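In: coordinates only, sequence not included:
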C-alpha cells in the first residue's frame with residue numbers, strides 16, 4: 001500500500017475518457033441505478049467507497065470479493081436510486097469532486113487530483129475510487145446521497161439485476 005502522492009500506477013483514466021459514443025453512460029441506459037456508499041476492509045485498511053451499480057442489492061456488486069475474503073467487514077451505509085446510469089454517474093462524479101474540494105485528494109503523477117486517497121499494489125477489478133475511512137468524510141457522503149436520488153426505486157423502473 002502506498003499513498004505517496006508521487007506513486008505512479010496504471011490508473012490513468014479521467015472522467016472524460018470514460019464517456020464515449022459506445023459507452024452505456026453516453027447512451028443513458030435506463031435503470032434504475034443506485035448510487036451507494038459502502039464501508040469495507042481491504043488489505044487490512046479500513047476504507048469507504050461510493051459508487052454506482054445496477055444491482056438492487058449493492059452486496060451483489062461485491063459478492064465475489066466478499067466470498068473470496070478479498071474484502072471484509074463489508075457494510076452498505078447508504079444508497080439512492082436514479083432513473084438512468086447517466087444520472088447516477090453524474091451524481092457520483094459530483095460527489096467525488098465535492099469530497100476532493102472539501103477533504104483533498106490524491107495528486108497523481110500526471111498532476112491531476114483524484115478522489116481516491118488509498119492505493120493497494122494489488123489491482124482488484126471493480127474496486128477503485130476508495131478512500132481511507134474517515135468519519136467526517138463518510139458523514140459528508142452519507143448526507144450527499146441522502147439529498148440526491150430517490151430513497152425507493154421509481155415506479156415503473158424495475159429493470160434491476162438480482
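Out: Ah, there it is. These numbers were taken from a predicted model, which means no experiment stands behind them.
In: and the helix of greatest length in the chain, how far out from the chain's middle?
Out: Counting residues, the longest helix found in the chain (DSSP state H) is helix 85-103. From the chain centre to the centre of helix 85-103 is a distance of 9 Å (C-alpha atoms, centre = their mean, to the nearest Å).
In: counting contacts, what elements does the helix or strand just after that helix pack onto?
Out: Scanning the chain past helix 85-103 towards its C-terminal end, the next helix or strand to appear is strand 106-107 (assignment: DSSP states H and E). The contact analysis (3 or more C-beta pairs under 8 Å, 6 or more residues apart in numbering; DSSP states H and E) places strand 106-107 against strand 113-114. For every residue, glycine as well, the C-beta is placed using N, CA and C.
In: quick one: strands adjacent to the strand it packs on?
Out: Here strand 113-114 is paired, per DSSP bridges, with strand 106-107 (antiparallel).
In: residue 49 is in contact with residue 131, correct?
Out: Yes - counting by C-beta atoms under 8 Å, residue 131 does reach residue 49; the two are 7.5 Å apart.
In: this structure: strands as residue ranges?
Out: Counting by DSSP state E, the chain has these strands, from start to end: 30-42, 45-53, 71-84, 106-107, 113-114, 131-132.
In: ranking the ones you listed by mean pLDDT, which is last?
Out: Comparing mean pLDDT across those, the lowest value falls on strand 106-107: a mean of 86.
In: find the centremost residue of the chain, please.
Out: For the chain, the residue sitting closest to the mean C-alpha position, by C-alpha atoms, centre = their mean, is residue 51 at 2.4 Å.
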